[in-house]
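1. sequence first, then the predicted structure, then my questions.
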Amino acid sequence: MLAFLSAYAGAEEVDCPPQEKDLAALKTLLQLNPEELAKEEAKLSKPAFYGVHGYSVSTPGLTNDAIACLHQKAQIKHMPGTSDVLCSDEIVNLQPAAQKFAERYNSELARGMELTCP
């Protein structure tokens, strides 16, 4: 959480990009059931895990083994509303929920894909 706050505090010194669209997308996504969404995603030929953006990209809910072979069977998509530049209290306050959603979604998707390295 401290990283989000420090990113937010530094945002006053730089021009903030418009975030209304990302905020709306994140709020819509957070209303869905991550496990059900992951079960549908697992049916795709190359499903996508959620990457939570900050100073770097993390894939919560995945083990190091799963991450090591992820590129062979899947891809990573950007979790909307996550960034290293957060420009409002509302988007900052949604970061823990975004992290938890991605963790639940990614864990379920990895289980559904039986994501293991050969």
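-> Cool, got the structure.
2. these two touch, right, residue 92 and residue 84?
-> No: Residue 92 lies out of contact with residue 84 (Cβ atoms under 8 Å); the separation is 12.0 Å. Heads up, the C-betas are built off the backbone N, CA and C, glycines and all.
3. can I get the helix ranked longest in the chain as CSV, trimmed to CA atoms?
-> For the chain, the helix with the greatest residue count under DSSP state H is helix 95-113. Output of helix 95-113 as CSV, limited to C-alpha atoms (Å, rounded to 0.1, in the frame of the first residue of the first chain):
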residue,chain,number,x,y,z
GLN,A,95,-5.8,-1.0,-5.5
PRO,A,96,-6.1,-3.6,-2.7
ALA,A,97,-9.4,-4.9,-4.3
ALA,A,98,-7.7,-5.0,-7.7
GLN,A,99,-4.8,-7.0,-6.2
LYS,A,100,-7.2,-9.5,-4.5
PHE,A,101,-9.3,-9.9,-7.6
ALA,A,102,-6.3,-10.7,-9.7
GLU,A,103,-5.0,-13.1,-7.1
ARG,A,104,-8.3,-15.0,-7.1
TYR,A,105,-8.7,-14.9,-10.9
ASN,A,106,-5.1,-16.0,-11.6
SER,A,107,-5.2,-18.8,-9.0
GLU,A,108,-8.4,-20.2,-10.5
LEU,A,109,-7.2,-19.8,-14.1
ALA,A,110,-3.9,-21.6,-13.2
ARG,A,111,-5.9,-24.5,-11.6
GLY,A,112,-8.3,-24.7,-14.6
MET,A,113,-5.4,-24.8,-17.1
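4. in that helix, which residues are buried?
-> Across helix 95-113, burial judged by 16 or more other Cβ atoms under 10 Å covers 95, 98-99, 101-110, 112-113.
5. repeat for stretch 19-34
-> In stretch 19-34, counting by 16+ other Cβ under 10 Å, buried: 19, 22, 23, 26, 29, 34.
6. thank you kindly, that will do.
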